[in-house]
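Enquirer: Have a look; sequence and predicted model below, questions after that.
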Amino acid sequence: MKWHITYKNGEKIKITPDMVKRKKNEITIDEQALWKEAYKVLATYDTIGGEWEFKDHKGKKRKAKGGTWGSAVNYDAEMKFIQKAYDDDKSYNKRKPELLRNFTKYSKERIEISLKKQHLWVYKKKKVIMDTGVVTGLPTKERATPAGAFYISECVPGKYLKGRGYKTWVNKWMRLTTSGVGLHDAPWQPTFGGTRYLVGGSHGCINLPPKFADKLFKRAFVGETVFIY
């Protein structure tokens, strides 16, 4: 059989010789093996948490591994499509799969955070628009700020942040993860940058000076790329 589905990234679902079974005059296809191959191909579109290359505020190439950036396959919807295409013996080329999330192009304006330097930059190409010292998570297994490529998923002007042993109100909240890591104002911090995070680090969030948080909130948008390394 020449049936196949070729995706935009060049990956291809097809019937290979080892999937063909011949018994007397009857030819059957090992569909279980075919569906296994289909899942393997679709997994190439599951890129969340991978390694991403980007250019920082100075134009220097860097890499960030992990985070929420990338694409995620809607397996239920796409497998239904594959099943129907197979049943109808209809092939497809340059197929774009059904996706639950699809972040593949960085936003033009980006946010960069260096955990080592405890600093944040908002930039576009090589132009720094605004920057500040920050306080990230206390460097422990439970409270360290995660590294990787993220996107802002929520911007809320006022929110209680809750966790084990704390309930804190912030005026500007910009979410990065479903587990509750984000950027926000932190008026309780006496200083920002330097080694403050070693003794007064957050529970994973990026603490910002209040006035800076106000200005950033006015610029920030859902979908904005955030690199943390």
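Expert: Yep, it's here.
Enquirer: how far is stretch 43-53 from where the chain is centred?
Expert: In terms of CA atoms, centre = their mean, to the nearest Å, the centre of stretch 43-53 is set 8 Å apart from its chain centre.
Enquirer: Residues contacting it, please?
Expert: Here stretch 43-53 makes contact (CB atoms under 8 Å, 6 or more residues apart in numbering) with 7, 9, 11, 61-73, 97, 99, 101, 104, 148-149, 227. All C-beta atoms are positioned from the backbone trio N, CA, C, and that covers glycine.
Enquirer: contacts for the least confident helix or strand in the chain by mean pLDDT?
Expert: Within the chain, no helix or strand scores below strand 20-23, which has a mean of 84 by mean pLDDT, DSSP states H and E. Contacts to strand 20-23, defined as CB under 8 Å, 6+ apart, come from residues M1, I27, T28, I29, D30.
Enquirer: hang on, the earlier thing: in strands only, show me the contacts of stretch 43-53.
Expert: Of the contacts of stretch 43-53, the ones assigned to strands by DSSP state E are 7, 61-65, 71-73, 99, 101, 148-149, 227.
Enquirer: any chance of these in TSV, plus distance to G180, pLDDT and neighbour count?
Expert: Output for these, formatted as TSV (distance: CB to CB, whole Å; pLDDT from 0 to 100; neighbours: other CB atoms under 10 Å):
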residue	distance to G180	pLDDT	neighbour count
Y7	35	98	19
K61	31	97	8
R62	26	97	14
K63	25	96	11
A64	20	95	22
K65	21	96	12
S71	23	96	17
A72	20	97	16
V73	25	98	22
L99	25	97	16
R101	19	92	16
G148	16	98	22
A149	18	98	28
F227	20	98	25
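Enquirer: For the least confident helix or strand of the chain, which residues meet the burial criterion?
Expert: Within strand 20-23, no residue counts as buried by 16 or more other CB atoms under 10 Å.
Enquirer: what do you get for stretch 189-209?
Expert: Residues 189, 192, 196-197, 201-209 are the ones in stretch 189-209 that count as buried (16+ other CB under 10 Å).
Enquirer: next one: stretch 105-122
Expert: 106, 109-115, 118-122.
Enquirer: Please flag which of the buried residues of stretch 189-209 sit within helices.
Expert: Counted as lying in helices by DSSP state H, out of those, are R196, Y197.
Enquirer: by contact count, what packs against the helix or strand hosting A38?
Expert: A38 belongs to helix 31-42 when assigned by DSSP states H and E. Other helices and strands packing on helix 31-42, by 3 or more CB pairs under 8 Å, 6 or more residues apart in numbering; DSSP states H and E, are strand 12-14, helix 75-87.
Enquirer: CA atoms of that helix as PDB?
Expert: Once non-C-alpha atoms are left out, helix 31-42 reads as follows in PDB (Å, rounded to 0.1, in the frame of the first residue of the first chain):
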ATOM      1  CA  GLU A  31      -2.400  -1.800  12.500                       C
ATOM      2  CA  GLN A  32      -1.000  -1.800  16.100                       C
ATOM      3  CA  ALA A  33       2.500  -1.300  14.700                       C
ATOM      4  CA  LEU A  34       1.200   1.400  12.400                       C
ATOM      5  CA  TRP A  35      -0.500   3.400  15.200                       C
ATOM      6  CA  LYS A  36       2.700   3.000  17.300                       C
ATOM      7  CA  GLU A  37       4.600   4.600  14.400                       C
ATOM      8  CA  ALA A  38       2.000   7.300  14.200                       C
ATOM      9  CA  TYR A  39       2.400   8.300  17.800                       C
ATOM     10  CA  LYS A  40       6.200   8.300  17.300                       C
ATOM     11  CA  VAL A  41       5.900  10.700  14.400                       C
ATOM     12  CA  LEU A  42       3.400  13.000  16.200                       C
END
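Enquirer: Brilliant, that's me finished.
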